[in-house]
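Chemist: Sequence unavailable; structure follows:
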């Protein structure tokens, strides 16, 4: 599926005067898919046709990403979670399985924490995580991310271009599954839409939030009241084998699927293996 087709088959929802791009397709149990940083819901395009055959799939571009509203402000994980709750209420969804990646994992952790608090607007029935910074002490940010999050991030952001994105993405994909030229073009189109590349350093505030709310968000996984699985590309330098090792240390009876030689974007690098893991988990 081309990015233009993905966009043309989506819709916009206004939440607190901000536009949220979302897609809803398929019939069956609801599956909510939450994307990562710095891309958007199009990350799920390779899985979408197969998943929508058996599930009602819902996904969105969170605030500051893709085709949704972008603005010069710090973005909060809790605000992203609230937007998802608004979308689910708009679609009259009361129960959903969740599949998340990267930044989306952190949002899913906040949603799970709300479920444990008894305040979530819908019921999470299962949680399936892909590579993400689940534990801040094990997250290995890229050098460029550390610089953008620093006090000089606002100056460095003006140097960000497609070439820089290409270099960063090539460093985090697996050795045998590099991003294609079309992948890079799509990544940059999503990032630069509505001048979003100028605000990427503001989105990175999530790394500080992970430390601030570590107890809440790690506790949400440790005390989860639904089945949880982690499927991870082990060659990911950001949240690969070392994150899986930490997961096994901290999570009771961990359910993990480990993808050798796959990097940070398993749903793009090895869609078939991720689809197999997702389908088996949901059927179980």
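Modeler: Cool, got the structure. Because the structure is predicted, anything quoted here is derived from the model rather than measured. Numbers count the residues shown, from 1 in each chain.
Chemist: In this structure residue 59 contacts residue 30, no?
Modeler: No - in this structure, residue 59 is not within contact of residue 30 by Cβ atoms under 8 Å, at 11.2 Å. Where C-beta positions appear, they are placed from N, C-alpha and C, glycine not excepted.
Chemist: For those two, indicate the residue with more neighbours.
Modeler: Ranked by neighbour count (other Cβ atoms under 10 Å), residue 59 and residue 30 place residue 59 first, with 27 against 20.
Chemist: contacts for the helix or strand where that one lies?
Modeler: For residue 59, the host element (DSSP states H and E) is strand 56-60. If you take Cβ atoms under 8 Å, 6 or more residues apart in numbering as the criterion, strand 56-60 is touched by 20-35, 41, 44, 48, 51, 68, 83-84, 87-88, 91, 93, 96.
Chemist: can we see that at 6 Å?
Modeler: 20, 22-28, 30-33, 41, 44, 51, 87 (Cβ atoms under 6 Å, 6 or more residues apart in numbering).
Chemist: Out of those, which comes closest to residue 138?
Modeler: Distances from residue 138 to the contacts of strand 56-60, taken as Cβ to Cβ, are shortest for residue 33 (24.0 Å).
Chemist: Check which element follows the host helix or strand of residue 231 along the chain.
Modeler: According to DSSP H and E, residue 231 maps onto strand 228-233. Where DSSP H and E defines the elements, the next helix or strand beyond strand 228-233 is helix 241-250.
Chemist: The next helix or strand after that next one - which strands sit beside it in the sheet, and in what orientation?
Modeler: Note on helix 241-250: by DSSP H and E, the next helix or strand toward the C-terminus is strand 256-259. Applying DSSP bridges to the sheet, strand 256-259 is found paired with strand 228-233 (parallel).
Chemist: In the protein, what residue spans correspond to strands?
Modeler: Under the criterion DSSP state E, strands of the chain are mapped to 11-15, 18-25, 30-34, 56-60, 95-100, 123-129, 228-233, 256-259.
Chemist: Listing request: residues of the stretch 151-284 of the chain with sub-threshold pLDDT.
Modeler: Regions of the stretch 151-284 of the chain meeting the criterion pLDDT under 70 are absent.
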